[in-house]
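Student: no sequence for this one, just the structure:
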Ligand SMILES: Cc1cc2nc3c(=O)[nH]c(=O)nc-3n(C[C@H](O)[C@H](O)[C@H](O)COP(=O)(O)O)c2cc1C
């Protein structure tokens, strides 16, 4: 089995309510566990950053769906490629909601204590 990892960013079409977000996470986690996909979604004020990892065909299939999902736009691949092992093996979809912009987050000294930021550090 070829493991593949993809990180993308996108812009929310509109801010989802807590309820809508919870629903999105629940369905995503169910689907991801069926398809052997793990990862992490960070939801900033006006930006999503998501890491998905799993079998390459599964990741490409999910990405094709993500590309046409009208809850976000300007979906942009930041990094992709084969991996030897998963970054988030235990998370069907880890989630972090940030009330700040990515720039503010980067400046915060607390970021290194925050597990979700290990995703952003992959992009450096
Ligand atoms: C920011 C964002 C993250 C998403 N993450 C996932 C995900 O990790 N797994 C998933 O199955 N769907 C995810 N979705 C939903 C997919 O875009 C799509 O709606 C879903 O896979 C449709 O599945 P279906 O065609 O089987 O109904 C996400 C959507 C958004 C807007």
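Tutor: Nice, I can see it. Small disclaimer: the values here were computed from a predicted structure and weren't measured.
Student: could you give the mean pLDDT of the lengthiest helix in the chain?
Tutor: In the chain, ranked by residue count with DSSP state H as the criterion, the top helix is helix 18-35. The average of the pLDDT scores along helix 18-35 is 96.
Student: what are the pairing partners of the helix or strand that that helix is followed by, and which direction each?
Tutor: Sequence order places strand 38-43 as the next helix or strand after helix 18-35, per DSSP states H and E. As defined by DSSP bridges, the strand partners of strand 38-43 come to strand 48-55 (antiparallel), strand 94-97 (parallel).
Student: Let's have those strands in CSV, adding mean pLDDT and mean neighbour count.
Tutor: No exception for glycine: its C-beta is placed from N, CA and C like everyone else's. Below are the strands paired with strand 38-43 laid out as CSV (pLDDT from 0 to 100; neighbours: other CB atoms under 10 Å):
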stretch, mean pLDDT, mean neighbour count
strand 48-55, 96, 22
strand 94-97, 88, 17
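Student: What's opposite the most centrally placed residue in the chain in the beta bridge?
Tutor: Geometric centre of the chain, nearest residue: residue 50, 1.6 Å, by CA atoms, centre = their mean. Here residue 50 shows beta-bridge partners residue 8, residue 41, assigned using DSSP bridges.
Student: for it, what are its contacts?
Tutor: Contact analysis of residue 50 by CB atoms under 8 Å, 6 or more residues apart in numbering lists 7-10, 39-42, 66.
Student: I'd like those as a markdown table, with distance to residue 27 appended.
Tutor: Shown next, in a markdown table, are these (distance: CB to CB, whole Å):
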| residue | distance to residue 27 |
| --- | --- |
| 7 | 21 |
| 8 | 19 |
| 9 | 21 |
| 10 | 17 |
| 39 | 15 |
| 40 | 17 |
| 41 | 13 |
| 42 | 18 |
| 66 | 13 |
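Student: The ligand next: which of those are close?
Tutor: The residues of the contacts of residue 50 that also fall near the ligand, by CB under 6 Å from any ligand atom, are 41, 66.
Student: Fine, thanks again, bye for now.
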